[in-house]
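Colleague: could you look at this predicted model? Sequence included:
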Amino acid sequence: MSPSETTTIAVFIDGANLHATSKALGFEIDYRRLLKEIESRGTLLRAFYYTAVFEDRDYSSIRPLIDWLDYNGFTVVTKPGKEFIDATGRRKVKGDMDVELAVNAMELAPHIDEMVLISGDGDFRCLVEAVQRRGVNVTVVSSMASHPPMIADELRRQADRFVELRDLQSRIGRNPVERVAARVSSA
């Protein structure tokens with residue numbers, strides 16, 4: 001199906017994965033521009049953003065982004081992240097949102113024509129296959145251009161369409177001039 005006004009789309013963003021991928025590619029995401037890019041492909045039913053939060057910290061750097069997304073058209077899904085010490089004594093952070101994303105995707109599958117999954121996590125291959133069996137086209141956005149590649153091969157192969165995040169940079173990346181202006185005005 002080619003993009004059109006009659007195509008109903010839902011977007012599922014694995015926040016941690018997108019952040020790591022855009023950082024590996026050397027740019028920041030402008031989420032307002034990301035929404036416009038997706039809306040140019042059809043009718044956006046819902047845009048989900050999934051991330052773990054660490055409420056026990058005095059300041060969470062993700063909090064301003066979550067608040068902005070919540071007020072600007074995204075459905076933000078969070079859960080408390082967990083910190084632990086691994087067997088080697090290193091501090092690790094865990095905040096997996098795969099189940100929440102999968103449940104929401106399966107619930108919306110009967111109401112959409114296209115699912116846009118912004119993640120390279122190979123654990124989503126089974127979800128993509130299940131959504132496809134329900135007649136939904138699946139576009140996966142991630143990166144093969146990053147070093148190492150952020151897209152799992154099995155997820156890329158399962159998708160109906162793979163979009164290289166670097167190819168979207170000019171349309172969804174934050175303008176560096178805007179970042180400098182924001183820092184100057186807040187100083």
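Modeller: That came through fine.

Colleague: neighbours of residue 160, just the number please.
Modeller: Counted by other C-beta atoms under 10 Å, the residues lying close to residue 160 total 15. For glycine as for every other residue, the C-beta is placed from the backbone atoms N, C-alpha and C.

Colleague: what are the ranges of the strands in this protein?
Modeller: Using DSSP state E, the strands found in the chain span residues 8-14, 43-53, 75-80, 82-85, 91-94, 114-118, 137-142, 161-164.

Colleague: now the ones you listed in a markdown table, with mean neighbour count and distance to residue 103?
Modeller: Formatted as a markdown table, the strands of the chain follow (neighbours: other C-beta atoms under 10 Å; distance: least, C-beta to C-beta, whole Å):
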| stretch | mean neighbour count | distance to residue 103 |
| --- | --- | --- |
| strand 8-14 | 24 | 11 |
| strand 43-53 | 19 | 11 |
| strand 75-80 | 16 | 10 |
| strand 82-85 | 10 | 20 |
| strand 91-94 | 10 | 19 |
| strand 114-118 | 24 | 13 |
| strand 137-142 | 23 | 16 |
| strand 161-164 | 15 | 23 |
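
Colleague: which one of the ones you listed lies nearest to residue 26?
Modeller: Shortest separation from residue 26 across the strands of the chain is recorded for strand 161-164, at 14.1 Å, computed as C-beta to C-beta.

Colleague: low-confidence bits of this structure, can you list those?
Modeller: Within the chain, the stretches falling below the threshold (pLDDT under 70) are 1-5, 56-60, 176-187.

Colleague: repeat that with 90
Modeller: Low-confidence regions of the chain, defined here as pLDDT under 90, cover residues 1-6, 52-63, 79-96, 147, 175-187.

Colleague: residue 108: which of the strands of the chain is closest?
Modeller: strand 8-14 (4.9 Å).

Colleague: could you pull out the helices for the chain?
Modeller: Assignment of helices within the chain using DSSP state H yields the ranges 15-25, 31-39, 63-71, 98-108, 125-133, 153-158, 165-172, 176-186.
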